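# quick one, fold the following:
(chains A and B)
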Amino acid sequence: DTGVSQNPRHKITKRGQNVTFRCDPISEHNRLYWYRQTLGQGPEFLTYFQNEAQLEKSRLLSDRFSAERPKGSFSTLEIQRTEQGDSAMYLCASSPELGPSGRTTYNEQFFGPGTRLTVL
Amino acid sequence: AQTVTQSQPEMSVQEAETVTLSCTYDTSESDYYLFWYKQPPSRQMILVIRQEAYKQQNATENRFSVNFQKAAKSFSLKISDSQLGDAAMYFCALDSNYQLIWGAGTKLIIKP
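Next comes the predicted model:
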């Protein structure tokens, strides 16, 4: 399977615990994105990597959230001291730097299946 | 600020009929991309169709086509010959360089 993969698919944790999610992008994609999606809503941007560099972080990403992409391949998203409000689907997506037309602004993102987090 | 608005929380259509999902957006950019993504229940987000703002011609992909009205900042999706497998949440998204700006989605129900 050459698509975007995410692990685990489901995570149930108690409030105050730390959790870590992993995303493996499509191998030739150098852009990687994390989104959060709550029920009945569209995804909300969290952060974005180009290779190993984290280029942008949303204000939604509080100090309890940290994301890494150490070798420019897979990425991890860690949430410390989880709160019930963190319960959501966490989506990872990847895209090539250039779209098929060669335009740098082209940004077709390929999504993984998501990790559903439930904080009790 | 860039925004995307989908004003139809839910739409239903009879199988084999045609349905149109609405999307309006706001951006100050002159060159941008718009997307429709589909998210089936418990399945991942997949791209349905893409429109480049600099192209006047509306994009089509098999049974899916868009009506792109740049001046009105409108980007609707038409699904022809609706099939049961089209049942999903449909999201309109605006490309904002490094991220996508998303609408709240429209739940499409297909009646057999």
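
# for chain A, what's the nearest residue on chain B?
Chain A sits closest to B:Trp102 of chain B, with a gap of 3.2 Å, by C-beta to the nearest C-beta. Where you see a C-beta, it was placed from the backbone N, CA and C, and this is true even at glycine.

# so that residue versus B:Leu94, what's the distance?
8 Å (C-beta to C-beta, to the nearest Å).

# intersection of neighbour lists for the two?
Each of B:Val4 lies in contact with both B:Trp102 and B:Leu94 under the rule C-beta atoms under 8 Å, 6 or more residues apart in numbering or on different chains.

# which SS class is the spatially most central residue of chain B?
Closest residue to the average C-alpha location of chain B: B:Trp36 at 3.5 Å, with C-alpha atoms, centre = their mean. Classification of B:Trp36 using DSSP: H, G, I helix; E, B strand; the rest coil returns strand.

# that older thread, distance-wise, check the residue of chain B closest to chain A relative to B:Gln44.
15 Å.

# need the contact list for the residue nearest to B:Ser82 when sequence neighbours are not counted.
Using C-beta to C-beta, 6 or more residues apart in numbering or on different chains and skipping the chain neighbours, the partner closest in space to B:Ser82 is B:Val13 (4.8 Å). When contacts are counted by C-beta under 8 Å, 6+ apart, B:Val13 touches B:Val19, B:Ile79, B:Ser82, B:Leu108, B:Ile109, B:Ile110, B:Lys111.

# contacts only, for B:Asp81.
So B:Asp81 contacts B:Ala16, B:Glu17, B:Thr18, B:Arg63 (C-beta under 8 Å, 6+ apart).

# for those, which one is nearest A:Glu28?
When the contacts of B:Asp81 are compared for distance to A:Glu28 (C-beta to C-beta), B:Arg63 wins out at 29.8 Å.

# just to revisit the earlier point, make a markdown table out of the contacts of B:Val13 and add distance to A:Gly40, pLDDT and neighbour count.
Converted to a markdown table, the contacts of B:Val13 look like this (distance: C-beta to C-beta, whole Å; pLDDT from 0 to 100; neighbours: other C-beta atoms under 10 Å in any protein chain shown):
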| residue | distance to A:Gly40 | pLDDT | neighbour count |
| --- | --- | --- | --- |
| B:Val19 | 20 | 98 | 20 |
| B:Ile79 | 21 | 98 | 24 |
| B:Ser82 | 22 | 97 | 21 |
| B:Leu108 | 14 | 97 | 21 |
| B:Ile109 | 15 | 97 | 13 |
| B:Ile110 | 19 | 97 | 20 |
| B:Lys111 | 21 | 96 | 11 |
